[in-house]
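# What follows is a predicted protein model with its sequence.
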Amino acid sequence: NARPGTTDYLIQLDAPGFAQIAFAAQLMQSPAGLADYKLGISLHFGMLLTLASLALIGWLLRRDTITLRLLLILTAIVLQVGLGSGAIPLMLPTAEAISTGMTLFVSLVAVRIALWGWLYQGLIGPHLQNNWYRYSCYFSYAAAGIAVALYFLDITVIARLLTLVLILFIPILNTVAAIKARSINRVFKLGLVLSLVIYDILQVIAIYLVIVHSAASELPILITRVLDIAIPLLAMAVVLLRNWANDQALAAAAQTLARQDAQLQSERASQQEKSMLLDMLTHEIKNPLTTIGIAANSLETQWPGITEPVHKRFINIRRAVNTIDQVIDRCDLSTKIDGQVVEVKHTTVSPYQIIDALKHSYEANTQCLILTGSPDITVETDSSLLQTVLSNLLDNAFRYSPENSEIVGNITATDQRGFVTITLSNRLAPGASPDPERLFTRYYRHGSSKHIGGSGLGLSLCDRVITLLGGTINATIDDGNITFHVRLRQ
């Protein structure tokens, strides 16, 4: 009931950090327009709660870090609007409650801008691996934490300046990063950049209105409410666009996987057909070979007064039969390894005894095998598969070494870790040094060895069998010698 010119008042206003202050004095019986303000704030708060509910539903449907970050942004905005709505002074009209509420209010400005940057880092980061972007994001989060601490320590000048830097820095940082992002869906990138540009424009308008129109009009309040609604809407639109892009990528990947699976099934069927054909050919060829071998032995035995040239011809027949037989066995074993149907049967095996038994097959050759080591050194492995490997290595050594040269084999227990090393070394003919990088490649043969029989499967098969047995095989070529090293666990 004050009357102009007759009643004097001294009015003291205590305003916290960022505040919109408008003061007017007029004759009135009761506060005018308060109901309108409550209605506006209620509508604003209700819209934000609706958006936050949608974000919560989105997170429940698709629980990933992006939807969680979006939900946290909406939660921070709802808390900030609730604290700045004037509800606390009406419900708790105490200085402590009002001061704490306003400190939380201004602190949430830094928190929500940091959360917004965190969301966009999750959207952009997978498509931009540059360290400058990652470290810049970390810097902005640390700066936001420092600003919040300064608000609670009542060092508001520095806190306001730091918050203003974040408001300007984080949108610009993410806009530049979105433009530079690679390997990203074009539609998603366009939406990402467009949302950032709109956000940047709204921030510039908001800063201008706060600086120019504070305490002069309602424009700063209006732009703040626009930002409170626009930020979640832009973020939700970008997240939906990202989900769409991910669904597109997943659908394309599913189609690719389906095509690959169909191709794999076709290859498996083809492999099975090849295996059946090879089994049939093996059976059809091995029987005549056995017949030829038996017939040759029988003829040689029954031939009275056989001459040396004829004897050599019988030896060549048996050698050719053995060679074809070996090629068939190698092809058969290779096919079984490809089909993963080889069963490894571990027994105690002496490599020395295997090589010693095999060397008798090469007694007609001019080369000499010198075997050293101990017959007592054993390994736990498959005897048949190891014999295949050593037979192939010996066959290679006798086939490709010069006449009247030595082939040296050695078996040793090399270290304390329970490994046995088998080495086979032989001289190489001049100009016959193979490529070490391709030595164990299937079907690889040196150009100078074309006049020598062979399939190019032997060393490749050795490598695969030794791997199947849990060992290693390698070769060294030095000063005209080639040495194969096979390591197996005892």
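Good, I have the coordinates.
# buried ones in the helix or strand that contains residue 314?
Here residue 314 sits within helix 308-338, counting by DSSP states H and E. Of all the residues in helix 308-338, those buried under the rule 16 or more other C-beta atoms under 10 Å are 314, 317-318, 321, 324-335, 337. C-betas here are computed from N, CA, C, even on glycine.
# Pull the contacting residues for residue 408.
The neighbours of residue 408, taking C-beta atoms under 8 Å, 6 or more residues apart in numbering as the test, are 369, 370, 371, 372, 423, 424, 425, 426.
# try 10 Å this time
368-372, 397, 423-427, 481, 483 (C-beta atoms under 10 Å, 6 or more residues apart in numbering).
# Restricted to helices, list the residues you listed.
Counting by DSSP state H, those place residue 397 in helices.
# Can you tell me which of the contacts of residue 408 is nearest residue 353?
The closest of the contacts of residue 408 to residue 353 turns out to be residue 371 (C-beta to C-beta; 10.2 Å).
# how close does the closest residue to the closest one other than its chain neighbours get to residue 309?
What sits nearest to residue 371 in space, not counting adjacent residues and going by C-beta to C-beta, 6 or more residues apart in numbering, is residue 409, at 4.5 Å. For residue 409, the distance to residue 309 equals 33 Å [C-beta to C-beta, to the nearest Å].
# What of residue 113?
From residue 113 over to residue 309 the distance is 99 Å, taken as C-beta to C-beta.
# Assess the claim that residue 371 and residue 362 are in contact.
No - counting by C-beta atoms under 10 Å, residue 371 stays clear of residue 362, with 11.9 Å between them.
# joint contacts of the two?
Joint contacts of residue 371 and residue 362 (C-beta under 10 Å, 6+ apart) are residue 407.
# buried ones in the helix or strand encompassing residue 55?
In this assignment (DSSP H and E), residue 55 forms part of helix 34-61. For helix 34-61, the neighbour count (16+ other C-beta under 10 Å) marks 41, 44, 45, 47, 48, 51, 52, 55, 58, 59 as buried.
# What's the local residue count around the closest residue to the second one other than its chain neighbours?
Nearest non-adjacent residue to residue 44, counting by C-beta to C-beta, 6+ apart: residue 225, 5.4 Å away. Applying other C-beta atoms under 10 Å, we find 18 other residues in the vicinity of residue 225.
# Quick check: the gap between residue 225 and residue 75.
Taking C-beta to C-beta, one finds residue 225 at 18 Å from residue 75.
# Same check on residue 139?
Taking C-beta to C-beta, one finds residue 139 at 24 Å from residue 75.
# Look at those two and report which has more neighbours.
Neighbour count, other C-beta under 10 Å: between residue 139 and residue 75, residue 75 has more, with 16 against 13.
# Could you look up the SS state of that one?
Using DSSP: H, G, I helix; E, B strand; the rest coil, the structure places residue 75 in helix.
# Model confidence at the closest residue to it other than its chain neighbours, what's the number?
Nearest residue to residue 75, sequence neighbours excluded (C-beta to C-beta, 6+ apart): residue 52, at 6.3 Å. Here the pLDDT value assigned to residue 52 is 89.
# what do you get for residue 368?
85.
# repeat for residue 79
Residue 79 carries a pLDDT value of 90.
# What's the local residue count around it?
That count, for residue 79 with other C-beta under 10 Å as the rule, works out to 17.
# Could you number the chain from 31 rather than 1 from now on?
Got it, the first residue is 31 from now on, which makes the last one we talked about residue 109.
# give me the element the residue nearest to residue 401 is part of.
In the assignment (DSSP H and E), residue 439 maps to strand 436-443.
# Parallel or antiparallel, list what pairs with that strand.
Applying DSSP bridges, strand 436-443 is found paired with strand 398-403 (parallel), strand 449-457 (antiparallel).
# Now find how far off-centre it is within its chain.
44 Å (C-alpha atoms, centre = their mean, to the nearest Å).
# same check, this time on stretch 378-389
The mean C-alpha position of stretch 378-389 is separated from the chain mean by 45 Å, C-alpha atoms, centre = their mean.
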